[in-house]
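> Next one to model:
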Amino acid sequence: MKHSDTTGIIDWRRWTALAVAALFTGLWMAWTPLQADDLAFAHFLDEFISRGSGPLEGWMDYAAWYRADSNGRLANYLAPVVTGCMAPWLFAALTALAAAWILYAVARLGLGGEWTLSGGIALLWLWPLALVLWPWRDYLSYPDYALNYVWSTAFGIAFMWLWLSTGRRISVRLTAAGCLCGLLAGMMHEGIGLPMLAGCGAVALVRRFRLPWQVWLMVLFLAAGTAESALAPGIIARAGREHSAFSPILNGLIMLKHSTLLIVLAGVCGVMCVRRVWRAMLAEIFRDPVFVMAVGNALGGALICFLFDYATPRYGWVTQVYSTVALGVIAARCGWFKGRRGMFAGGVAFLAGCILACGVIVWQKKFYDEETRLRAAMEASPYGTVFSSILTKKNIPLWLLRIPTGGMWQSTFQHRCYNMRYPRPDGRPWAVVPAAPEGFRPESAPVPGNAGAMRNGGYLIGSREPESVEGREFWVPRLVATLADGTSVTLGCEVIPFTADDGCRYVYFGEVELPGNTVKVDYEEYNQ
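Residues are numbered from 1 along each chain as shown. I've put the predicted structure just below:
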């Protein structure tokens with residue numbers, strides 16, 4: 001079969017894979033309720049606007065406060081604007097396009113000259129592999145997190161594409177587009193800009209810093225955007241706190257946990273060193289600027305994770321995405337996507353990815369419907385309390401890899417954010433607690449201590465709420481149990497105030513087991 005006879009088939013595969021990826025992302029985001037950070041950011045912006053200034057001035061005041069208090073990421077400045085001013089379906093559609101663009105760019109950059117022949121098969125493979133191995137499961141369907149990781153990566157990989165296109169005669173439009181993408185990528189999230197600067201440095205080193213002035217201009221804009229984000233007083237303070245607890249062994253294990261594709265990349269390179277013909281091929285790959293820049297990005301992301309002890313999977317996002325690009329370069333050189341076997345295997349992988357995606361969407365809709373039910377029940381409750389079991393991530397079948405986003409009503413953080421965003425006129429808290437404490441009445445004296453802890457079946461209820469700390473929006477205490485032998489045990493718990501049927505307020509401590517020989521239970525200050 002001639003190449004011209006296969007072009008239509010290959011294009012069909014490409015567009016099918018990208019369309020399925022976009023459809024999945026759009027539905028996943030559209031059926032993710034606004035929760036946690038998104039509610040908090042919307043509340044903060046409303047607070048600044050309500051102080052008498054207009055929307056623009058209020059937003060600027062909010063951004064200045066957030067930059068000083070937490071971080072300087074453009075993504076977090078935009079989050080309350082997106083949730084408050086943009087239709088959810090529109091943001092979901094735009095994010096779906098951003099996700100599809102990332103997949104397309106990863107495949108196109110990795111395959112290089114092999115894209116025309118192998119692009120369709122590569123995308124059949126890439127979609128399910130990215131769905132499984134990239135950390136989508138870590139709440140990336142929240143608008144705030146989508147802006148921080150999906151959108152910032154979309155700008156980052158666009159910058160990489162434009163920056164590496166400068167081997168040819170570069171136009172003014174291309175230069176301007178590269179500068180804009182670099183500026184936005186760096187401003188959106190310093191965790192995107194810093195690794196990208198490392199990748200640019202790696203390519204510049206290989207090319208002995210002999211680069212066109214347009215390329216240096218793009219890097220200058222990337223550096224400026226990154227500096228705006230990375231030099232915010234809030235993020236510097238946070239980085240100092242996180243680095244102060246630096247542990248080489250613990251941080252190394254965390255980094256490896258979130259860098260699986262970088263480990264695979266290192267293993268593949270190691271295997272290719274075994275035979276002479278493979279070593280020669282590897283030497284050519286090491287001179288490929290796409291490979292060099294992708295590896296620089298991946299290592300830069302891994303280094304950030306190592307230095308600052310980031311424990312959540314989404315902090316491995318950069319490392320995983322750009323390790324995929326580097327693996328794509330190797331796959332293209334080795335011809336992994338050629339032939340009928342590659343096409344058949346890619347089709348099977350794509351079908352498996354579609355099954356996984358359908359399962360995720362079904363469960364995401366369950367979480368969305370439950371959120372609708374809980375909010376309606378809270379509105380109907382005279383005290384704002386709903387006694388009900390809820391779906392959590394523990395209910396999700398393991399084969400769905402914890403990708404569906406929901407179950408936040410088991411969290412103190414969710415309750416605090418929801419009550420800030422939608423305060424009740426009577427001052428009572430909105431609350432969702434398990435069905436068992438419904439009709440709760442204190443039948444025995446609480447355990448000594450300032451928590452007022454009482455056992456209620458398999459649950460622990462407090463008779464006293466912890467005192468709030470002025471200026472700390474998300475202050476959450478921990479419980480400290482003093483045992484009969486005088487030792488103390490810190491109990492991880494949730495602190496959820498609720499109003500019982502008797503009209504009195506209590507505190508639900510979540511799924512916590514109080515040791516049998518406990519003689520005292522106190523609150524210990526803890527800032528989440």
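
> Now residue 441: closest residue in space that isn't a chain neighbour?
In this structure, residue 441 finds its nearest non-sequential neighbour in residue 502, 6.4 Å apart by CB to CB, 6 or more residues apart in numbering. Heads up, the C-betas are built off the backbone N, CA and C, glycines and all.

> Wasn't that neighbour part of a helix?
No - checked against DSSP: H, G, I helix; E, B strand; the rest coil, residue 502 lies outside a helix; its state is coil.

> So what does it have for phi and psi?
phi -80, psi 0 (degrees, to the nearest 10).

> and the gap between it and residue 463?
Distance of residue 502 to residue 463, given as CB to CB, to the nearest Å: 12 Å.

> In terms of neighbours, single out the busier of the two.
residue 463 (16 against 12; other CB atoms under 10 Å).

> wait, isn't the more buried one in contact with residue 446?
Yes - in this structure, residue 463 is within contact of residue 446 by CB atoms under 8 Å, at 5.0 Å.

> so what's in contact with these two at the same time?
By the contact definition CB atoms under 8 Å, 6 or more residues apart in numbering, residue 463 and residue 446 are jointly contacted by 452, 453, 454.

> so which strand or helix has residue 305?
helix 289-308 (DSSP states H and E).

> Over to residue 359?
helix 339-380.

> Residue 481 too?
Assigned by DSSP H and E, residue 481 falls within strand 478-483.

> I'd like to know which elements that strand is packed against.
Packing partners of strand 478-483 (3 or more CB pairs under 8 Å, 6 or more residues apart in numbering; DSSP states H and E): strand 488-491, strand 518-524.

> And the helices in the stretch 1-150 of the chain, which stretches?
For the stretch 1-150 of the chain, the helices defined by DSSP state H, counting those that start in this stretch occupy 3-30, 37-49, 55-69, 74-85, 88-111, 115-133, 143-145.

> The residue nearest to residue 441 contacts residue 438, correct?
No - applying CB under 8 Å, one finds residue 502 not in contact with residue 438, separated by 11.4 Å.

> pLDDT weak spots in the protein?
Applying pLDDT under 70 to the chain flags residues 1-11, 166-169, 240-245, 309-311, 339, 469-474, 526-528.

> Which parts of the stretch 201-350 of the chain are helices?
With DSSP H, counting those that start in this stretch, the ranges of helices along the stretch 201-350 of the chain come out as 213-230, 233-244, 248-257, 260-272, 276-286, 289-308, 317-334, 339-380.

> List the buried residues in the first one.
Using 16 or more other CB atoms under 10 Å as the burial criterion, the residues of helix 213-230 that qualify are 214-215, 218-219, 221-223, 225-230.

> how far out from the middle of the chain is that helix?
Distance, stretch centre to chain centre, for helix 213-230: 24 Å (CA atoms, centre = their mean, to the nearest Å).

> do the fourth one as well
Distance of helix 260-272 from its chain centroid, counting by CA atoms, centre = their mean, is 25 Å.

> hmm, who's touching that helix?
133, 256, 278-279, 281-282, 295, 298-299, 302, 316, 319-320, 323-324, 326-327, 330.

> coming back round to it: just the helices and strands packed on strand 478-483: most buried one?
strand 518-524 (a mean of 18; mean count of other CB atoms under 10 Å).

> Show me what that one is packed against.
Checking 3+ CB pairs under 8 Å, 6+ apart, strand 518-524 ends up next to strand 478-483.

> quick one on the thing from earlier: format the buried residues of helix 213-230 as CSV; extra columns: distance to residue 111.
Putting the buried residues of helix 213-230 into CSV (distance: CB to CB, whole Å) gives the following:
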residue, distance to residue 111
214, 25
215, 23
218, 23
219, 25
221, 28
222, 25
223, 29
225, 29
226, 28
227, 33
228, 34
229, 31
230, 32
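
> Of the residues you listed, just say which sits nearest to residue 365.
Residue 365 lies nearest to residue 229 out of these, by CB to CB, at 35.1 Å.

> pretty sure the closest one contacts residue 74?
Yes - under the criterion of CB under 8 Å, residue 229 makes contact with residue 74 at 7.0 Å.

> Common neighbours of those two, please.
187, 188, 189.

> so who does residue 178 touch?
159, 162, 163, 166, 214, 218, 221.

> Distance check, the fifth one against residue 37.
Spelled out, that is residue 214. For residue 214 relative to residue 37 (CB to CB), the value is 38 Å.

> ok, now the third one?
From residue 163 across to residue 37, the span is 31 Å (CB to CB).

> And the two? Which one has more around it.
Neighbours were counted for residue 163 and for residue 37 using other CB under 10 Å; residue 163 has more, 24 against 21.

> My understanding was that the more buried one contacts residue 197; is that so?
No - with contact defined as CB under 8 Å, residue 163 does not count as touching residue 197 (11.1 Å).

> any shared contact partners between the two?
Counting by CB under 8 Å, 6+ apart, the shared contacts of residue 163 and residue 197 are residue 219.

> Name the stretch among the helices of the stretch 201-350 of the chain that sits most buried.
helix 317-334 (a mean of 25).

> For residue 352, which residues are in contact?
residue 128.

> Also residue 305?
Residue 305 touches 251, 254, 255, 258, 259, 315, 316, 319, counting by CB under 8 Å, 6+ apart.

> Recalculate using a threshold of 10 Å.
Residue 305 sits next to 191, 251-252, 254-259, 311, 315-316, 318-319 when contact means CB atoms under 10 Å, 6 or more residues apart in numbering.

> What's the separation between it and residue 319?
7 Å.

> what touches both of these two?
255, 258, 259.

> what's the nearest residue to the second one if we skip its chain neighbours?
It stands for residue 258. residue 316 (2.8 Å).

> Thought residue 306 was touching that neighbour, still the case?
No - here residue 316 does not reach residue 306: they are 11.0 Å apart, not a contact under CB atoms under 10 Å.

> so what sits against both of those two?
What both residue 316 and residue 306 touch, as defined by CB under 10 Å, 6+ apart, is the set 254, 255, 256, 258, 259.

> Surely the fourth one is in contact with residue 252?
No - proximity of residue 258 to residue 252 does not meet the contact threshold set by CB under 10 Å, at 11.4 Å.

> any shared contact partners between those two?
Common contact partners of residue 258 and residue 252 (CB under 10 Å, 6+ apart): 302, 305, 306.

> Let me see the contact set for residue 403.
Here residue 403 is in contact with 24, 28, 131-132, 135-138, 140-141, 356-357, 359-361, 363-364, 393, 396 (CB under 10 Å, 6+ apart).

> what do you get if the cut-off is 6 Å, keeping everything else the same?
By CB atoms under 6 Å, 6 or more residues apart in numbering, residue 403 lies in contact with 136, 137, 360.

> For those, give me TSV that also has distance to residue 519.
Output for those, formatted as TSV (distance: CB to CB, whole Å):
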residue	distance to residue 519
136	46
137	41
360	47
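
> how much space between the residue nearest to residue 258 and residue 330?
According to CB to CB, residue 316 and residue 330 sit 20 Å apart.

> Run the angle between the helix holding residue 359 and helix 317-334 for me.
160 degrees (axes from the mean of the first three to the mean of the last three CA atoms, to 10 degrees).
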